[in-house]
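**Q** below is the sequence, then the predicted model.
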Amino acid sequence: MTNTMSAVPLISILVPTYNATSYLPQLCRSLQAQTFGDFEALVFDDGSTDNLAEAFSPFAKDPRFQLAGWKQNQGLNAAWRELLKKMRGKFWASPGADDEWFPEFLERRLALLEANPKAVIVHGAPRTIGESGREIPNPFPEFNLPARMDGRRALGVLLQHNIINQPSALVRADVTRNLLSQFRHDWKYAPDWHLWLLHVAGGLDLLWDGTPLHRYRIHERSLSFDPARSATRRAESRLVPLCALSAAAGLSPVAASHWNQWRKTLYDLWLLRALRLRLQGLLKDDWLRAAGDAYHGANGGCGNFFLELLKHAPGIAAAVLKERRAWKVQSFRVSGLAQINDPVFR
């Protein structure tokens, strides 16, 4: 395999980063150690205050590595969008600045996608490490995934739960470029889930490689106890599948079929989640607008929230009952639409 970059690199590695000086050099060294070297590594500094440029400087001598960014922190989602626009490769991957790849990561992932032209993404299981870099038990649910999943089933599975660990994925860039106009919402915790749904909505296959090829860092400090952040996660777990499937409905007959089947259930479950957030004083108007536009059409809104709840009350009750039945046979509680009830979650 080649270890030099061509005029237009085959793979773009996208690394949004913020105050990750203590970890970034480890990632960059793991990129330099790849057995496949025809890549560009685009590091984007989202307004760091910890002298990131100095930590990056040893890698600036490698022509495959580039550092860009802005001075004001805008969020990693904004930085990720900027990188997706800048990438030049035929394929792309996006490890976290605090993650690490094994040397054969790119070679193995690339071989799988090139051997399967009808597949859009290949992803795999991580080894998990703590802040010190030592391996720790994997806290994530384990899925019984097939090596290949056709687009129709992949869309249903992803509507239930985000099964793709972002740093593990290699993606076809031409598909991504065609979808960027649909990737609009400023998600705080689930931008990758939204993007994966758009990718498989075209009917392309999803590949799974069960051999761990990267280390995924889990930080000990948890933000889940912050009520505002917890509310955002809860809102997005209902909004992302609703908004992504609405945006994808025109991409293929597969997506249109899923939208026709599940749009009302997705919206009903969102309304129930919105009511609970409202009672806690945590509901945001932006979330209501996003859901209303997805269900009713652009700028359609949902009108009066409580009238909307009353109108959809029978559907909400039915959706909750079906969801609870599905939970009883599933190995863990999925983030999205449990009613689809694919066997990989049982």
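**A** It's in.
**Q** can you pull out the helices in the chain?
**A** 24-32, 52-56, 76-86, 105-115, 151-160, 173-179, 191-200, 227-248, 253-279, 285-296, 305-329 (DSSP state H).
**Q** need these in JSON lines (columns: mean pLDDT).
**A** Shown next, in JSON lines, are the helices of the chain (pLDDT from 0 to 100):
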{"stretch": "helix 24-32", "mean pLDDT": "96"}
{"stretch": "helix 52-56", "mean pLDDT": "91"}
{"stretch": "helix 76-86", "mean pLDDT": "90"}
{"stretch": "helix 105-115", "mean pLDDT": "97"}
{"stretch": "helix 151-160", "mean pLDDT": "97"}
{"stretch": "helix 173-179", "mean pLDDT": "95"}
{"stretch": "helix 191-200", "mean pLDDT": "95"}
{"stretch": "helix 227-248", "mean pLDDT": "92"}
{"stretch": "helix 253-279", "mean pLDDT": "97"}
{"stretch": "helix 285-296", "mean pLDDT": "94"}
{"stretch": "helix 305-329", "mean pLDDT": "96"}
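**Q** now render those helices as TSV, adding mean neighbour count.
**A** C-beta coordinates here come from the backbone N, C-alpha and C atoms, glycine included. TSV is the format used below for these (neighbours: other C-beta atoms under 10 Å):
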stretch	mean neighbour count
helix 24-32	19
helix 52-56	17
helix 76-86	18
helix 105-115	18
helix 151-160	23
helix 173-179	16
helix 191-200	25
helix 227-248	21
helix 253-279	19
helix 285-296	19
helix 305-329	14
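**Q** need those helices in CSV with distance to residue 42, can you?
**A** CSV is the format used below for the helices of the chain (distance: least, C-beta to C-beta, whole Å):
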stretch, distance to residue 42
helix 24-32, 11
helix 52-56, 12
helix 76-86, 6
helix 105-115, 15
helix 151-160, 26
helix 173-179, 12
helix 191-200, 17
helix 227-248, 25
helix 253-279, 30
helix 285-296, 29
helix 305-329, 41
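**Q** do you know which of those helices lies nearest residue 99?
**A** helix 24-32 (6.1 Å; C-beta to C-beta).
**Q** between helix 105-115 and that closest one, find me the angle.
**A** 50 degrees (axes from the mean of the first three to the mean of the last three C-alpha atoms, to 10 degrees).
**Q** report all helices and strands that helix 24-32 contacts.
**A** Secondary-structure packing of helix 24-32 (3 or more C-beta pairs under 8 Å, 6 or more residues apart in numbering; DSSP states H and E): strand 11-17, strand 39-46, helix 52-56, strand 100-101.
**Q** neighbouring strands - and their directions - for the shortest one?
**A** The strands that strand 100-101 pairs with in its sheet are strand 214-217 (antiparallel) (by DSSP bridges).
**Q** next one: the second one
**A** For strand 39-46, sheet partners with direction are given as strand 11-17 (parallel), strand 65-70 (parallel), following DSSP bridges.
**Q** which of those strands is buried the deepest?
**A** Ranked by mean neighbour count, the strands paired with strand 39-46 are led by strand 11-17 with a mean of 25 (mean count of other C-beta atoms under 10 Å).
**Q** and it, how far out from the chain middle?
**A** Here the centre of strand 11-17 is set off from its chain's centre by 14 Å, with C-alpha atoms, centre = their mean, to the nearest Å.
**Q** check stretch 332-343 too.
**A** Centroid separation for stretch 332-343 versus its chain: 17 Å, with C-alpha atoms, centre = their mean.
**Q** what residues of it count as buried?
**A** By 16 or more other C-beta atoms under 10 Å, the buried positions in stretch 332-343 come out as 334, 335, 336, 337, 338, 339, 340, 341, 342.
**Q** contacts for it, please.
**A** With C-beta atoms under 8 Å, 6 or more residues apart in numbering as the test, stretch 332-343 has contacts from 141, 144, 153, 156-162, 237-238, 240-241, 262, 265-266, 269, 319, 322-323, 326-327, 329-330, 345.
**Q** that older thread, I'd like the strands paired with strand 39-46 as CSV, with distance to residue 193 and mean pLDDT appended.
**A** Converted to CSV, the strands paired with strand 39-46 look like this (distance: least, C-beta to C-beta, whole Å; pLDDT from 0 to 100):
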stretch, distance to residue 193, mean pLDDT
strand 11-17, 16, 96
strand 65-70, 25, 94
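**Q** out of those, nearest to residue 174?
**A** strand 11-17 (12.0 Å).
**Q** now the closest one against helix 76-86, angle please.
**A** Using the same axes, to 10 degrees: strand 11-17 against helix 76-86 is 150 degrees.
**Q** let's have the strands paired with strand 39-46 in CSV, adding distance to residue 110.
**A** As requested, these are arranged in CSV below (distance: least, C-beta to C-beta, whole Å):
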stretch, distance to residue 110
strand 11-17, 7
strand 65-70, 19
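**Q** contacts only, for the residue most central in space within the chain.
**A** Nearest to the mean C-alpha position of the chain, by C-alpha atoms, centre = their mean, lies residue 192 at 1.7 Å. With contact set as C-beta under 8 Å, 6+ apart, residue 192 has these partners: 162, 164, 166.
**Q** re earlier: and the helices of the chain: which comes nearest residue 65?
**A** Here helix 24-32 is closest among these (C-beta to C-beta), at 6.9 Å.
**Q** before we move on, the earlier item: quick check: the gap between the residue nearest to the centre of the chain and residue 106.
**A** Between residue 192 and residue 106 the computed distance is 19 Å (C-beta to C-beta, to the nearest Å).
**Q** quick revisit: which of the contacts of residue 192 has the largest number of neighbours?
**A** residue 164 (24 neighbours; other C-beta atoms under 10 Å).
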